[in-house]
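In: Quick one, structure for this:
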Amino acid sequence: MRSPTPLRAISSLFLLAAASGVLVAACGAAPAAPGGPPADQAPAAQPAATSFAPTGAALAPAPPPPDPAVASAPASAGQAGAEPPAAPAEAAKPSDGCPEGMARVPGGSFVMGPLKVKATVGDLCVDRTEVTAEAFAACVKDGKCTDKFADCAKEASTYGVAGKEKQPMVCVDFAQAEAYCAAQGKRLPRDDEWEWAARGGEEARPYPWGEEAPKDQLCWSGGGTVRKTACDVGSFPAGASPQGIQDLAGNVFEWTTNANDGKGKMRIARGGSWRDGIAPLVRTARPGGFEATYRCGFLGIRCVVEPAAQAIK
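Out: Below you'll find the model as predicted:
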């Protein structure tokens, strides 16, 4: 596990983020883009055994000739109800210790952010996609989540909106995001864990897919498409991380935790969103700052959990 980031470092990070234009301040802000808004054959019947009488013994009467109809029937007809031979069992695949729908990211150490903070991350299971509106609705139905203010963003809202079931759940504050992950036996990622996964670990990718500038690898308002809402999760497989984790850039920001969570009002969210339209805003190292009670149409959830202890290394 990494050393917790000092409170002073986190505060400095927010000041630096704000000064560089990466601190998100309002849900209704215009998209950040220059000049526009910023996915067997049964075994054959064996012939009857032939019986021979000992020499000198009286021979038994010869059996009657077989019925022609029976003799002409296929040899396997008498075994029509027999079970076919069972196929050989497949070898069991080794487990990576992650629940279904999650990918394992090997741990490591790196220097994070403009403040050059050294971070150490352990092996981690990360949701392959952002939490969808329909998944969150199931949690509400089970009585483990609340849908308070779930329609906060009008056109960009996804909860309970026909046709948007596969889009990310938005309009959730930090507490609602934490509660959802806890209900799944998971948790929100730490800020450093999120960045480590998005950068491909030691590969240090500027974008989850690599070094190529963003164009059509993500759901955003760049590349000639201005969006008014999020996209179905997993719609841009070309933008996945080395482990196949999707939408780490664009679509919606994702809540994370940090060392200051118990004291300050602010929380860090990562990944940029569908509103962003210029490349620096969707880089893996870019943080976004939100108050813990904030909710909007471009901020959602992704959960993590530690791999099972018995999993392969």
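In: pLDDT below threshold where in the protein?
Out: 1-94, 259-262, 310-313 (pLDDT under 70).
In: Swap in 90 and give it another go.
Out: 1-95, 113-116, 223-224, 258-265, 309-313 (pLDDT under 90).
In: show me where it has strands.
Out: Along the chain, counting by DSSP state E, strands occupy 102-105, 108-112, 117-121, 124-127, 253-255, 266-270, 287-291, 299-300, 304-305.
In: Give me the distance between the closest residue to Y294 other than its chain neighbours and W194.
Out: Closest residue in space to Y294, ignoring its immediate chain neighbours: D173 at 6.3 Å, by Cβ to Cβ, 6 or more residues apart in numbering. All C-beta atoms are positioned from the backbone trio N, CA, C, and that covers glycine. Distance, D173 to W194, by Cβ to Cβ, to the nearest Å: 18 Å.
In: Pick out whichever of these two has more residues nearby.
Out: Neighbours were tallied for D173 and for W194 using other Cβ atoms under 10 Å; the higher tally belongs to W194 (27 against 21).
In: Show the contacting residues for the more buried one.
Out: Under the criterion of Cβ atoms under 8 Å, 6 or more residues apart in numbering, the neighbours of W194 are 254, 256, 270-271, 302.
In: Can you tell me which of those are buried?
Out: Neighbour-count burial (16 or more other Cβ atoms under 10 Å) is assigned, among those, to 254, 256, 270-271, 302.
In: For G200, which non-adjacent residue is closest in space?
Out: Once flanking residues are discounted, G200 sits nearest to P242: 4.7 Å by Cβ to Cβ, 6+ apart.
In: Now do the contacts for T158.
Out: Contacts of T158 (Cβ under 8 Å, 6+ apart): 133, 164-165, 167-171, 229-230, 297.
In: Could you do D127 as well?
Out: 101-102, 186, 245, 302-304.
In: Equivalent analysis for D173, please.
Out: 292-295.
In: Can you say which of those residues are buried?
Out: 294-295.
In: May I ask which two of the contacts of D173 are separated the most?
Out: A292 and R295 (10.2 Å; Cβ to Cβ).
In: what about Q246, distance to V140?
Out: 24 Å.
In: More neighbours: the two, which one.
Out: A count of neighbours by other Cβ under 10 Å puts Q246 above the other of Q246 and V140, at 23 against 17.
In: right, and the more buried one touches G234 too?
Out: Yes. Q246 lies in contact with G234 (Cβ atoms under 8 Å); the separation is 4.8 Å.
In: Could you name every residue contacting both of the two?
Out: 128-129.
In: follow-up on the earlier one: from the contacts of D173, which single one is nearest P206?
Out: Nearest member of the contacts of D173 to P206, counting by Cβ to Cβ, is Y294, at 27.0 Å.
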